[in-house]
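coords below, sequence missing:
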């Protein structure tokens, strides 16, 4: 399923993430999208984003996501959200990470929306 509005993105992303559906998560990004990290250089392009999410999804975490505000103009949307990811570390101990995200989405020629810029930690690290 692809988002038909920017408001759909939160639900569709979290459903795909929680199913562990790597390809559905990656498909939500434009081919040259940028995914910021909490530190270090940003991840650029779907193949690199696929590699990053492979590591996250391998531990079968659960993510709760909430959109807080969406500002739209034409074919662009600026989205603010909050998320919490819960899972288990390699040693079996519980792990919880949370953040505030800032994302830019663009309407595609087919009317669906995809991430152009995704900063899940609101770090501004590029």
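Cool, the structure landed. Note that the structure is predicted; figures quoted are calculated from it, not measured.

give me the number of residues near residue 47?
Applying other CB atoms under 10 Å, we find 11 residues neighbouring residue 47. Where C-beta positions appear, they are placed from N, C-alpha and C, glycine not excepted.

right, and the helix or strand after the helix or strand where it lies?
Using DSSP states H and E, residue 47 maps to helix 46-57. Note on helix 46-57: by DSSP H and E, the next helix or strand toward the C-terminus is strand 62-73.

who does residue 71 form a beta bridge with?
residue 78 (DSSP bridges).

does it really touch residue 104, like I thought?
No: between residue 71 and residue 104 there is no contact, the gap being 10.1 Å when judged by CB atoms under 8 Å.

of those two, who's got more company?
Neighbour totals were compared for residue 71 and residue 104, and residue 104 leads with 17 against 10 (other CB under 10 Å).

which other helices and strands contact the longest helix along the chain?
Of all the segments of type helix in the chain, defined by DSSP state H, the longest one is helix 6-19. Judged by 3 or more CB pairs under 8 Å, 6 or more residues apart in numbering; DSSP states H and E, the packing partners of helix 6-19 are helix 22-26, strand 62-73, strand 76-88, strand 94-107, strand 113-119.

contacts for the helix holding residue 47, please.
With contact meaning CB atoms under 8 Å, 6 or more residues apart in numbering, helix 46-57 is reached by 17, 20, 22, 25-26, 29-33, 35, 37, 43, 85.

swap the cut-off to 6 Å and go again
For helix 46-57, contacts defined as CB atoms under 6 Å, 6 or more residues apart in numbering pick out 20, 22, 25-26, 29, 31, 35, 43.

quick check: the farthest pair among these?
Farthest pair in the contacts of helix 46-57 (CB to CB) is 20 and 31. Separation: 22.7 Å.

out of the helices and strands packed on helix 6-19, deepest packed?
Sort the helices and strands packed on helix 6-19 by mean neighbour count, taking mean count of other CB atoms under 10 Å, and strand 113-119 sits at the top with a mean of 20.

quick one: that strand to helix 46-57, angle?
70 degrees (axes from the mean of the first three to the mean of the last three CA atoms, to 10 degrees).
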